[in-house]
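1. structure for this input, please:
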Amino acid sequence: MSRSVLVTGGNRGIGLAIARSLAGAGDQVAVTYRSGEPPAELAGLGILAVKCDITDPEQVERAYKEIEEAHGPVQVLVANAGVTRDQLLLRMSEEDFTSVVDTNLTGTFRVVKRASRGMLRSRTGRIVLISSVVGLLGSAGQANYAASKAGLVGFARSIARELGSRGITCNVVAPGFVDTDMTRALSDEQRDAIMGQVPLGRYADAGEIASAVRFLASDEAAYITGAVIPVDGGLGMGH
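-> Alright, predicted model coming up:
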């Protein structure tokens, strides 16, 4: 059965790979994007692109109404939208910290809260939050990002306990280093240093993250909730 799916930040990178994967499985997929124009390929895939800054509650409400009119209440939510503002602690401004937390953590709260309305009514739903290995390991220069991504784990496990009796699961996928435009911009020296920490010795493909999300959103994962699934080549094992 085709489900109504929302992937926040689904216009590029990991989010776009997730949107493609779920659309390929037959779901009706919508994605949010914050700025610019969405990729032209989305329309060809039948994916609805909705402009929405998840730090703005009014934009979140408008986006959900547009999606509900087109596809019905959201049955699968993948909270992927996130930002970075890397800086060493003593140089990190209040705005650097709060803006990252407001998007990555508080923004996720907003979209999960709104999606849960319809899920509670239908007594079923799948929520998948995209965290990061950095939220488990920590990373110098990323105290804001790591804090926001670690916060998603506690948030997800609380939601899993709160909504589980209504047939709603909430899980976390924690990617490691993924081959995206952001990591391609790193120098060869930086890329080599990262690879030296990864037991599998390579970056992930965005499609490998999407496969984990697709599983958690499926009927096969109906008895998995509150889990953190690392897709990191072994980088964060033991955390």
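
2. regarding this structure, what is its longest helix?
-> Looking across the chain with DSSP state H, the single longest helix is helix 143-163.

3. how about G107, secondary structure?
-> Following DSSP: H, G, I helix; E, B strand; the rest coil, G107 is assigned to helix.

4. from R202, how far off is it?
-> For G107, the distance to R202 (Cβ to Cβ, to the nearest Å) stands at 31 Å. (Each C-beta comes from the backbone N, C-alpha and C, glycine too.)

5. between these two, which has more neighbouring residues?
-> With neighbours defined as other Cβ atoms under 10 Å, G107 and R202 compare such that G107 has more, 25 against 10.

6. what's the closest residue to A146 other than its chain neighbours in contact with, if anything?
-> Nearest non-adjacent residue to A146, counting by Cβ to Cβ, 6 or more residues apart in numbering: V134, 4.9 Å away. The contact partners of V134, taken as Cβ atoms under 8 Å, 6 or more residues apart in numbering, are 142, 145-146, 149.

7. can you check V128 too?
-> 76-79, 170-173, 213, 216-217.

8. farthest-separated two in the residues you listed?
-> V76 and V172 (14.9 Å; Cβ to Cβ).

9. center of this protein, which residue is that?
-> Centroid check for the chain by Cα atoms, centre = their mean gives N80 as the closest residue, at 2.0 Å.

10. tell me how far that residue lies from I159.
-> For N80, the distance to I159 - Cβ to Cβ - is 16 Å.

11. mean confidence for the longest strand along the chain?
-> In the chain, assigned by DSSP state E, the strand with the most residues is strand 168-175. Confidence for strand 168-175, expressed as mean pLDDT, is 98.

12. and that strand, what other elements does it pack with?
-> Using 3 or more Cβ pairs under 8 Å, 6 or more residues apart in numbering; DSSP states H and E, the elements in contact with strand 168-175 are helix 107-122, strand 125-130, helix 143-163, helix 206-216, strand 228-231.

13. need these in JSON lines (columns: mean pLDDT and distance to T98).
-> Formatted as JSON lines, the helices and strands packed on strand 168-175 follow (pLDDT from 0 to 100; distance: least, Cβ to Cβ, whole Å):
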{"stretch": "helix 107-122", "mean pLDDT": "98", "distance to T98": "12"}
{"stretch": "strand 125-130", "mean pLDDT": "98", "distance to T98": "20"}
{"stretch": "helix 143-163", "mean pLDDT": "98", "distance to T98": "8"}
{"stretch": "helix 206-216", "mean pLDDT": "98", "distance to T98": "27"}
{"stretch": "strand 228-231", "mean pLDDT": "97", "distance to T98": "25"}
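
14. same list (those) but as a markdown table, adding distance to V178.
-> Converted to a markdown table, the helices and strands packed on strand 168-175 look like this (distance: least, Cβ to Cβ, whole Å):
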| stretch | distance to V178 |
| --- | --- |
| helix 107-122 | 19 |
| strand 125-130 | 11 |
| helix 143-163 | 14 |
| helix 206-216 | 6 |
| strand 228-231 | 9 |
